[in-house]
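> Sequence and predicted model, in that order:
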Amino acid sequence: MLRPVVAGLDGSRESLAAAHWAAREALRRGLPLRLVHAWEGLPDDDIAVPLPEMRVPQYHARRVLRGAVDQLNERYPQLYVAAEQVREQPGPALLHEAAGAELLVIGSQGLGAVGGLMAGSVALATVAHVERPVILVRAGDTAEGEHLPDEAHMLSLRTPFREVAVAVDADDGPCEDVLEFAFRAAELRRAPLRAVHAWRVSLRRGVPGAEERARIRGETERALAALLEPWRQKYPTVVVREQLPEGRPAHVLVGAAGGAGLLVVGRRRRCAVIGSHTGPVAHALIHHVSCPVALVPHD
């Protein structure tokens, strides 16, 4: 049975952009799309309510779903789209939906503003417990924006896709799920892949000289190349470029992601009961990178 791409809707511009991104990704992967609007305050359809205004949330939810479905059916007629209202809190609803999904797509407004799918801390905690890849999309994201500008510096669907960037920690193990997602995303788009690894020199023993810095960088380059080699062989059509900026990962990766059409970041699975626990690097990228961000859980 095919796992669908699931998009969470709340009526915001971010969630609508997420639904369109999810539709394009579902087409690329040959999967169905499932749209979900979750709110525990929705009244049951078969229960009579004494006042018409008590039906307003239900009418709003239907309008949100119907409007999104109509847009997607018109824009992507070859895509199978299903939509459902869920009478549940958004957090638990998304966790449940993500369990049966290929990936979950939500608007990034929920990660920093009240009025979106979820307020910040709740959204981060939800994302941190989802066992499938989660893609966060900002308002204004478009199909044309996934492509490089044309010769006149205008957005176009006829130009190649922007590169996929993946944040790699060569010291954190193979991170196979993260690299599999990144290489597959690049292959689907016929786009190059930029593997970014931030490194820095420890100052515990004083300021290192030029030779020491060159040695450390050389070791880092070799470790990254060795980590990527099996994936280059598995995905021979993907052109890979390695980038090794020096500095704190949360700092340099934000700049290194500039110009990418998609940024893939690993999120280590944790057993914590409370808190968001997305990690400082992922947290910084979520809030400061303008392109869609894919958070991929790994051991």
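Ah, there it is.

> Quick one: the strands in the protein, in order.
5-9, 33-38, 81-86, 103-107, 134-137, 164-167, 193-196, 240-243, 262-268, 293-298 (DSSP state E).

> Would you mind saying which of the ones you listed lies nearest residue 156?
strand 262-268 (17.9 Å; CB to CB). Yep, even glycine has a C-beta here, placed from its N, CA and C like the rest.

> With mean pLDDT and distance to residue 220 as extra columns, can I get the strands of the chain in JSON lines?
Output for the strands of the chain, formatted as JSON lines (pLDDT from 0 to 100; distance: least, CB to CB, whole Å):
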{"stretch": "strand 5-9", "mean pLDDT": "94", "distance to residue 220": "35"}
{"stretch": "strand 33-38", "mean pLDDT": "92", "distance to residue 220": "40"}
{"stretch": "strand 81-86", "mean pLDDT": "90", "distance to residue 220": "45"}
{"stretch": "strand 103-107", "mean pLDDT": "92", "distance to residue 220": "30"}
{"stretch": "strand 134-137", "mean pLDDT": "92", "distance to residue 220": "28"}
{"stretch": "strand 164-167", "mean pLDDT": "94", "distance to residue 220": "14"}
{"stretch": "strand 193-196", "mean pLDDT": "95", "distance to residue 220": "12"}
{"stretch": "strand 240-243", "mean pLDDT": "95", "distance to residue 220": "10"}
{"stretch": "strand 262-268", "mean pLDDT": "89", "distance to residue 220": "17"}
{"stretch": "strand 293-298", "mean pLDDT": "91", "distance to residue 220": "20"}
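
> Just send these back as TSV, with distance to residue 150 too.
Below are these laid out as TSV (distance: least, CB to CB, whole Å):
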stretch	distance to residue 150
strand 5-9	28
strand 33-38	29
strand 81-86	30
strand 103-107	27
strand 134-137	23
strand 164-167	20
strand 193-196	21
strand 240-243	22
strand 262-268	20
strand 293-298	26
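
> Make TSV out of the ones you listed and add mean neighbour count and distance to residue 96.
Converted to TSV, these look like this (neighbours: other CB atoms under 10 Å; distance: least, CB to CB, whole Å):
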stretch	mean neighbour count	distance to residue 96
strand 5-9	28	10
strand 33-38	24	9
strand 81-86	17	8
strand 103-107	28	11
strand 134-137	26	14
strand 164-167	28	28
strand 193-196	25	32
strand 240-243	15	36
strand 262-268	25	19
strand 293-298	22	16
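
> shaky segments in the stretch 151-299 of the chain?
Judged by pLDDT under 70, the stretch 151-299 of the chain has its weakly predicted residues at 170-174, 202-207, 270-279.

> Against residue 4, how distant is residue 295?
Distance from residue 295 to residue 4, counting by CB to CB, to the nearest Å: 19 Å.
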